[in-house]
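Q: sequence unknown, structure follows:
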């Protein structure tokens, strides 16, 4: 799954490191959106089971390999690594063509009413759809 952005550089002409977090957030949002036509119904069902739920970033590990520059067109590629009871680990790469600029591993927690909660089965199955079989 990917999304594209035309980069807005800092004064130096190189993308400021914190901007990659925004790019990756959009990549995670698009990943959820692109998972399938039944997604809306599954999220409504999850809302009924766990009112007020949200996904929040719990931890993130980043590796900055190369800088993006003015007018670069970037792809943010996102895929699940592990889906557990109350969290999902996603891998992400920010790419310029075939060059990987930034690698990330992101752990996202499922919360409701300010506490971690088990991800409803329907959502867990949807998110595991992209995982390679064990």
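A: Noted; the coordinates are in hand. Model, not experiment: these values are computed from the prediction.
Q: ok, and what's touching stretch 80-96?
A: By Cβ atoms under 8 Å, 6 or more residues apart in numbering, the list of residues contacting stretch 80-96 from outside reads 20, 23-24, 27-28, 31, 55, 58, 66, 68, 72-79, 100-110, 116-119, 124, 127-128, 130-131. Where C-beta positions appear, they are placed from N, C-alpha and C, glycine not excepted.
Q: could you pull out the helices for the chain?
A: Here the chain has its helices, by DSSP state H, at 19-33, 39-49, 121-128.
Q: The protein: strands as residue ranges?
A: Remark: strands assigned in the chain by DSSP state E are 4-6, 54-64, 73-83, 87-96, 99-112, 115-116.
Q: Could you dump the helices of the chain into TSV with mean neighbour count added?
A: Converted to TSV, the helices of the chain look like this (neighbours: other Cβ atoms under 10 Å):
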stretch	mean neighbour count
helix 19-33	17
helix 39-49	14
helix 121-128	17
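Q: sorry, back to before: and the contacts of stretch 80-96, which are buried?
A: Buried members of these, counted by 16 or more other Cβ atoms under 10 Å: 20, 23-24, 27-28, 31, 55, 58, 68, 72, 74-76, 78, 101-102, 104, 106-110, 119, 124, 127.
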